[in-house]
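Colleague: sequence and computational prediction follow.
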Amino acid sequence: MPCSARRTHTEFADDTVDSSEALRGTSFVKRRAFLACAGMLATAMIVGPQALAQEASVTARVGVIPIIGTAPLFVAQNEGWLKQGGLNLTVTTFESGPNMIQALASGTIDIYVAGVAPLAVARSKGIDVRVVAATATAENVFVASPKLAKYFTAGTSHAAAFKNYRAAEGKPARLATQPAGSVPNTTLQYWLWEQAKADKADVEIVPMGIDATQQATLAGAVEGATIREPAVTIVQGRNPGIKLVALGDEMFPGQPGTVVAVSGAFLEKNPEAVQSLVSGLVKAADLLAKTPDRAVPPLEAALGKGIVDSETIRKALSSPATKFQIDPRTIIESARLMQAYQVKLGSLDKELPFEGLFEPRFYERATKSN
């Protein structure tokens, strides 16, 4: 019954009921309605917003690549901030951003957590996707195997190191990275050709997935690689002869890294769920800065999968290759420059307008409320 004591004539007894009985009946019904409404109100006050959020909860399918740069997502999920905001996640792991774009295009995932570079390619193919947050910058670094590392000596330019390797070994240095169009691939090529000014005859770029890159580096199957944490900590821990040659900002100034992008359809249908996501990321970045040890268990569970221990995760969080950044506005210009370089490399046909790609309003609202 609605919260009103109003009654229709059919609710009363038949016409033979006298007026006093009708009035008594009316009072009874009013009291009953009042008590029912009061009970409903009391229940709502006791249960509160949490129940309302659960009732209106949204499940989002998320694609991630297994790197430390995704830490804010897993921290926010573990702390319960996303669920409190009515957002539940189902997570699928991918080997690279370009591979994840296919899932985004087919509607298999709603949220993309990977490098920003493939999103330009996605938009060129008509895929509606919006960047609502960053998570990390300057993630990709270059490491050299012991065989190549000995040529990177003090006073020797990077270009000369590659040239000396080829002269001594009779073949170019093989460098592993992710597929064309990805941030690691674009970053590596920018560093080689624009920063180091290496001769293309001195190196061979070998595209492969994240896990394969790490294994190839450890096995000596390649002489160098662009990798991210926790792979940097893992490979140097297992083989101290592997040398960290160049950090992220040296390879690509202001190197944009992992971002959180949402399909246009999901964003339009669930704006409050997206807000909950971004607000949770902002809180997670603060936690990672102030109490990183608290983030170790959920990251070990999400990224380690029984292989990477907590001490490795802890070291990776304090690595010079780890820089958390949630504000998407800070990477717009560097992402624009990276897109322009993708055009130069041929992985993108032409530069695309950035209008509509970045949606900073969720971050702005999150920082105001937090």
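Modeller: Arrived safely, thanks for sending.
Colleague: and the residue nearest the centre of the chain, what does it touch?
Modeller: Nearest to the mean C-alpha position of the chain, by C-alpha atoms, centre = their mean, lies Val113 at 3.0 Å. The contact partners of Val113, by C-beta atoms under 8 Å, 6 or more residues apart in numbering, come to 62-65, 70, 73, 135, 258-261. C-beta here means a position set from N, CA and C on the backbone, and glycine is covered the same way.
Colleague: buried ones from those, can you make that a PyMOL selection?
Modeller: Buried members of the contacts of Val113, defined by 16 or more other C-beta atoms under 10 Å, are picked up in PyMOL with:
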select buried, resi 62+63+64+65+70+73+135+258+259+260+261
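Colleague: the contacts of Val113 in helices, which ones?
Modeller: Among the contacts of Val113, DSSP state H puts Leu73 in helices.
Colleague: which of the contacts of Val113 scores worst on pLDDT?
Modeller: Among the contacts of Val113, Ile65 carries the lowest pLDDT, at 90.
Colleague: how close does that one get to Lys290?
Modeller: Using C-beta to C-beta, to the nearest Å, we find Ile65 at a distance of 26 Å from Lys290.
Colleague: and Gln275, by the same measure?
Modeller: Taken as C-beta to C-beta, the span from Gln275 to Lys290 is 23 Å.
Colleague: same check, this time on Ser334
Modeller: According to C-beta to C-beta, Ser334 and Lys290 sit 26 Å apart.
Colleague: next one: phi and psi at Leu345?
Modeller: Main-chain dihedrals, Leu345, degrees, to the nearest 10: phi -80, psi -20.
Colleague: nearest residue to it in space, please, no chain neighbours.
Modeller: The shortest distance from Leu345 to any residue other than its chain neighbours is 6.0 Å, reached at Gln189 (C-beta to C-beta, 6 or more residues apart in numbering).
Colleague: okay but the one you found is in contact with Pro207, surely?
Modeller: No - between Gln189 and Pro207 there is no contact under C-beta atoms under 8 Å: 11.1 Å.
Colleague: give me the nearest residue to Ala76, chain neighbours excluded.
Modeller: Gly280 (3.3 Å).
Colleague: quick one: secondary structure of that neighbour?
Modeller: Here Gly280 is recorded as helix under DSSP: H, G, I helix; E, B strand; the rest coil.
Colleague: and Gly155, by the same measure?
Modeller: At Gly155 the chain is in coil, as set by three-state DSSP.
Colleague: residues near it, how many?
Modeller: By the measure other C-beta atoms under 10 Å, the count of residues near Gly155 is 5.
Colleague: against Ala246, how distant is it?
Modeller: Distance from Gly155 to Ala246, by C-beta to C-beta: 16 Å.
Colleague: ok, now Ser106?
Modeller: Taking C-beta to C-beta as the measure, Ser106 falls 36 Å from Ala246.
Colleague: more neighbours, these two?
Modeller: Ala246 (21 against 9).
Colleague: check what pLDDT that one gets.
Modeller: 98.
Colleague: same deal with the one 5 residues further on?
Modeller: Met251 carries a pLDDT score of 98 in this model.
Colleague: again with Pro2
Modeller: 41.
Colleague: cool, Glu333 as well?
Modeller: Glu333 is assigned 95 on the pLDDT scale.
Colleague: that one: what secondary structure?
Modeller: Following three-state DSSP, the label given to Glu333 is helix.
Colleague: next one: phi and psi at the spatially closest residue to it that is not a sequence neighbour?
Modeller: Using C-beta to C-beta, 6+ apart and skipping the chain neighbours, the partner closest in space to Glu333 is Gly254 (7.2 Å). Dihedral angles of Gly254 (phi, psi; degrees, to the nearest 10) stand at phi 70, psi 30.
Colleague: re earlier: shouldn't the residue nearest to the centre of the chain be within a strand?
Modeller: Yes - counting by three-state DSSP, Val113 is located in a strand.
Colleague: what residues are bridge-paired with it?
Modeller: Per DSSP bridges, residues listed as beta-bridge partners of Val113: Val64, Val260.
Colleague: in contact with the residue nearest to Leu345, which residues?
Modeller: The neighbours of Gln189, taking C-beta under 8 Å, 6+ apart as the test, are 205, 341, 345.
Colleague: swap in Ser157?
Modeller: Residues in contact with Ser157 (C-beta under 8 Å, 6+ apart) are 196-197.
Colleague: and the pLDDT at it?
Modeller: Note on Ser157: pLDDT of 98.
Colleague: start the count at 111 instead of 1 going forward.
Modeller: Got it, the first residue is 111 from now on, which makes the last one we talked about Ser267.
Colleague: ok, it to Val355 distance?
Modeller: 12 Å.
Colleague: and if you look at Asp403?
Modeller: For Asp403 relative to Val355 (C-beta to C-beta), the value is 30 Å.
Colleague: same check, this time on Pro366
Modeller: For Pro366, the distance to Val355 (C-beta to C-beta) stands at 21 Å.
Colleague: which one of those two has more residues nearby?
Modeller: More crowded of Pro366 and Val355, by other C-beta under 10 Å: Pro366, with 31 against 19.
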